[in-house]
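Participant: Give me coordinates for this.
(chains A and B)
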Amino acid sequence: AQKVTQAQTEISVVEKEDVTLDCVYETRDTTYYLFWYKQPPSGELVFLIRRNSFDEQNEISGRYSWNFQKSTSSFNFTITASQVVDSAVYFCALTGGTSYGKLTFGQGTILTVHP
Amino acid sequence: SQTIHQWPATLVQPVGSPLSLECTVEGTSNPNLYWYRQAAGRGLQLLFYSVGIGQISSEVPQNLSASRPQDRQFILSSKKLLLSDSGFYLCAWSAGQGNSPLHFGNGTRLTVT
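Facilitator: The predicted structure is shown next:
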């Protein structure tokens, strides 16, 4: 069975601080894909990134960066110089093996960025 | 570009009443389609997914059903709503490849009273 754990239920920071959202996953599949989604107050889920299990290169996109480490089964997400607009619930998700296309989501981390 | 439409945005229904939520996708063909529910605890639970017309797989036994009458149309239904059916329902689509990301609609907030 697959499992995604986001241990941080809520994080509160002040604008311009850096913040890291943790994600730890469990899977027996050798090939799998990891995702991060953002859910702003309006409710829709916005796709941020996909990473496959064979690519451990870290990725940076503007103020966002992702650190994938298979050795620790973690896929952490860092926001640099946070802004109020970053306030949202962030979900880490996993799919793989026979579950392709069906995501297993973590419980989400509520990020609040204060001005 | 592809777009996904989901309606209604909010819905208040009494216990025992029927339910029909509709989702349509534009700009792509033969998408995989999904219904997720997000309860107050924030986690997302996969309810149904479909890889083609008339092909529905149920993930969780419950009071709900799904249908896919057309390639890009996915409907979530119930004959009699329960209080426990309250939640935020999200439709999503993905391309046929297994590693394609899911793209979500804006969701329907259902309150059963």
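
Participant: For chain B, just list every one of the helices.
Facilitator: Ranges of helices in chain B, per DSSP state H: none exist.

Participant: For it, which segments count as strands?
Facilitator: B:3-7, B:10-13, B:19-26, B:32-38, B:44-52, B:55-58, B:65-70, B:73-78, B:87-94, B:103-104, B:108-112 (DSSP state E).

Participant: Including mean pLDDT, could the ones you listed go into JSON lines?
Facilitator: Output for the strands of chain B, formatted as JSON lines (pLDDT from 0 to 100):
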{"stretch": "strand B:3-7", "mean pLDDT": "93"}
{"stretch": "strand B:10-13", "mean pLDDT": "96"}
{"stretch": "strand B:19-26", "mean pLDDT": "96"}
{"stretch": "strand B:32-38", "mean pLDDT": "93"}
{"stretch": "strand B:44-52", "mean pLDDT": "91"}
{"stretch": "strand B:55-58", "mean pLDDT": "90"}
{"stretch": "strand B:65-70", "mean pLDDT": "95"}
{"stretch": "strand B:73-78", "mean pLDDT": "96"}
{"stretch": "strand B:87-94", "mean pLDDT": "94"}
{"stretch": "strand B:103-104", "mean pLDDT": "92"}
{"stretch": "strand B:108-112", "mean pLDDT": "95"}
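
Participant: so can I have a markdown table of those showing distance to chain A and mean neighbour count?
Facilitator: Backbone N, C-alpha and C define where each C-beta goes, glycine included. Formatted as a markdown table, those follow (distance: least, C-beta to the nearest C-beta, whole Å; neighbours: other C-beta atoms under 10 Å in any protein chain shown):
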| stretch | distance to chain A | mean neighbour count |
| --- | --- | --- |
| strand B:3-7 | 9 | 17 |
| strand B:10-13 | 10 | 14 |
| strand B:19-26 | 13 | 18 |
| strand B:32-38 | 5 | 24 |
| strand B:44-52 | 4 | 19 |
| strand B:55-58 | 9 | 14 |
| strand B:65-70 | 14 | 15 |
| strand B:73-78 | 14 | 20 |
| strand B:87-94 | 6 | 24 |
| strand B:103-104 | 4 | 22 |
| strand B:108-112 | 7 | 18 |
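
Participant: residue nearest the centroid of chain B?
Facilitator: residue B:35 (3.0 Å; C-alpha atoms, centre = their mean).

Participant: from what I can see that residue touches residue B:66, true?
Facilitator: Yes. Contact criterion C-beta atoms under 8 Å: residue B:35 and residue B:66 qualify, at 5.8 Å.

Participant: What about residue 1, how many residues nearby?
Facilitator: Using chain A. Other residues lying near residue A:1 total 7 when counted by other C-beta atoms under 10 Å in any protein chain shown.

Participant: could you do chain B instead?
Facilitator: 5.

Participant: hey, where'd the strands end up in chain A?
Facilitator: A:3-5, A:10-14, A:19-21, A:24-26, A:32-39, A:46-52, A:59-61, A:64-69, A:74-79, A:88-96, A:104-105, A:109-114.

Participant: Okay, buried residues for the second one please.
Facilitator: Read that as strand A:10-14. A:11, A:13 (16 or more other C-beta atoms under 10 Å in any protein chain shown).

Participant: do the same with the first one
Facilitator: Judged by neighbour count using 16+ other C-beta under 10 Å, the buried positions of strand A:3-5 are residue A:4.
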